[in-house]
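K.L.:
Can you look at this prediction? I've put the sequence above it.
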Amino acid sequence: MSAHASPARWAVLLGALGLAVVWLGTAVGSQGWQLNGWQQLVSPASDAVSRQIVWDIRLPRSLGAWLGGALLGLAGAVAQGLFRNPLADPYLLGSASGAALGVGIYWSVLGGSAWALGGWLGFGLTAAAFAGAVLAVLLTLVLARGVQQTLRLLLAGVVVGVVLGAVTSLLSLLQPQVLQAMQGFMLGSTAFVTGGACATMAAVLALCWALSWAFARVLDALSLGEATAQSLGVPLPLARLVLVGVLSLATGAAVAHIGLVAFVGLAAPHLVRSLVRCTHAWRLGLSALMGGALLALADVLARLLWAPQELPVGVLTAVLGGGYLLWRVYRDAEHGRLR
């Protein structure tokens, strides 16, 4: 498809790609590629165990990977538009470090109890990660004295991320068992996504997309500079507050359910900009669709490449996403258009 094709066509294509990859994920099991996996979704004659594996494990996992990637893609587009920086990612306000610290404290305090072990499959660990991410963003807002100055907000987020990351490292040194328990979260994993988690992420995605779409024109105005946006009468304080809230909520929901997955939120908006020129009203949705397709595909590859062993999906996205961005930097620098 041409790069000059309409955004609507790209939306249809990316949506279809996401559906295809989610369907593909139902055919990938512990032994690798199993073509009959998708048949269990529609065949009433299949045995109950096979249907349960597909409906309760594979489908929620594949759908959860798509939803988590969509949240990160949307958050990445919001962050890059709000900070007017193509290198901005969803973890910019310290949410990743806060989530990691929340998980570390959770395992440190309750890691030896049966309730904590059950929490990894249920609510406890997810709540700890989400609370840590939200509190980190609130700390960033306090240090930045609100959302009035974009640069101050950016610097405060970097400082909070570094400090909370150091606290998490110190906690891991004092209690080595915490680091071992946190490995799955730190490397990113979709293995424990349930149907309830998918419903939660879907609701958060719908809310965050609606709010960000309502302020898409503000992001368009910000691309011309803050002074120009203010001269156009754009309500910058309200827009910053809402968009920071969207960024925090989307990132926190994704990180709480799938862990720290790198580069999806950074690479998805870059891919969209390289494919089609459009306003933020389209770019936000396209970035969500792109992020969902990327993470769902990475999840399939993580299960398939080294079956029956499984690669951490966060490691795979870091390698593939980092490789892509390095290639983009090299190509743009070679053609003298690095920006």
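P.N.:
Yep, it's here. Bear in mind the structure is a predicted one, so any value in this text is a computation, not a measurement.

K.L.:
OK, contacts around Leu153?
P.N.:
Residues near Leu153 by CB atoms under 8 Å, 6 or more residues apart in numbering: Leu93, Thr140, Leu141, Ala144, Val147, Arg240, Val244. In this view, the C-beta of every residue, glycine as well, is placed from N, C-alpha and C.

K.L.:
Next, format these as JSON lines and append distance to Leu171 and secondary structure.
P.N.:
Below are the contacts of Leu153 laid out as JSON lines (distance: CB to CB, whole Å; DSSP: H, G, I helix; E, B strand; the rest coil):
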{"residue": "Leu93", "distance to Leu171": "21", "secondary structure": "coil"}
{"residue": "Thr140", "distance to Leu171": "20", "secondary structure": "helix"}
{"residue": "Leu141", "distance to Leu171": "24", "secondary structure": "helix"}
{"residue": "Ala144", "distance to Leu171": "25", "secondary structure": "coil"}
{"residue": "Val147", "distance to Leu171": "30", "secondary structure": "coil"}
{"residue": "Arg240", "distance to Leu171": "32", "secondary structure": "helix"}
{"residue": "Val244", "distance to Leu171": "27", "secondary structure": "helix"}
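
K.L.:
ok, the closest residue to Ala197 other than its chain neighbours - contacts?
P.N.:
Take Ala197 and drop its neighbours on the chain: the residue closest to it by CB to CB, 6 or more residues apart in numbering is His257, 4.8 Å away. His257 sits next to Gly64, Gly68, Thr126, Val193, Ala197, Thr200, Met201 when contact means CB under 8 Å, 6+ apart.

K.L.:
of the residues you listed, the lowest pLDDT goes to which?
P.N.:
Of all the contacts of His257, Thr126 carries the smallest pLDDT score, 85.

K.L.:
Please, which helix or strand holds that residue?
P.N.:
helix 124-143 (DSSP states H and E).

K.L.:
in the stretch 1-150 of the chain, which spans are helices?
P.N.:
7-25, 48-53, 59-82, 95-110, 114-121, 124-143, 150-174 (DSSP state H, counting those that start in this stretch).

K.L.:
okay, these, which one's buried deepest?
P.N.:
Highest mean neighbour count of the helices of the stretch 1-150 of the chain: helix 59-82, a mean of 30 (counted as mean count of other CB atoms under 10 Å).

K.L.:
which of the contacts of His257 lies closest to Ser287?
P.N.:
Gly68 (13.9 Å; CB to CB).

K.L.:
Could you double-check that the closest one lies in contact with Gly188?
P.N.:
No. Using CB atoms under 8 Å, Gly68 makes no contact with Gly188, being 9.0 Å away.

K.L.:
Give me the common contacts of the two.
P.N.:
Joint contacts of Gly68 and Gly188 (CB under 8 Å, 6+ apart) are Ile258, Val261.

K.L.:
ok, back up a step: wait, which of the helices of the stretch 1-150 of the chain is closest to Leu222?
P.N.:
For those, the distance to Leu222 is smallest for helix 59-82, at 6.5 Å, taking CB to CB.

K.L.:
which other helices and strands contact the closest one?
P.N.:
Packing contacts for helix 59-82, counted by 3 or more CB pairs under 8 Å, 6 or more residues apart in numbering; DSSP states H and E, involve helix 7-25, helix 195-214, helix 216-222, helix 236-258, helix 264-275, helix 280-304.

K.L.:
Out of the helices of the stretch 1-150 of the chain, which is closest to His270?
P.N.:
helix 59-82 (8.5 Å).

K.L.:
Excluding chain neighbours, what is closest to Val163?
P.N.:
Leaving aside its sequence neighbours, Val163 sits nearest to Ser97 (CB to CB, 6+ apart; 7.9 Å).

K.L.:
List the contacts of that neighbour.
P.N.:
Tyr91, Ala136, Val160, Gly161, Val162, Val163, Leu164, Gly165, Thr168.

K.L.:
what does Gly98 give?
P.N.:
Contacts of Gly98 by CB under 8 Å, 6+ apart are Gly132, Ala133, Val134, Leu135, Ala136, Val137, Leu139, Val160, Leu164.

K.L.:
Among these, which one sits closest to Gly292?
P.N.:
Distances from Gly292 to the contacts of Gly98, taken as CB to CB, are shortest for Ala133 (19.9 Å).

K.L.:
how much space is there between the closest one and Ser172?
P.N.:
Separation of Ala133 from Ser172 (CB to CB, to the nearest Å) stands at 18 Å.
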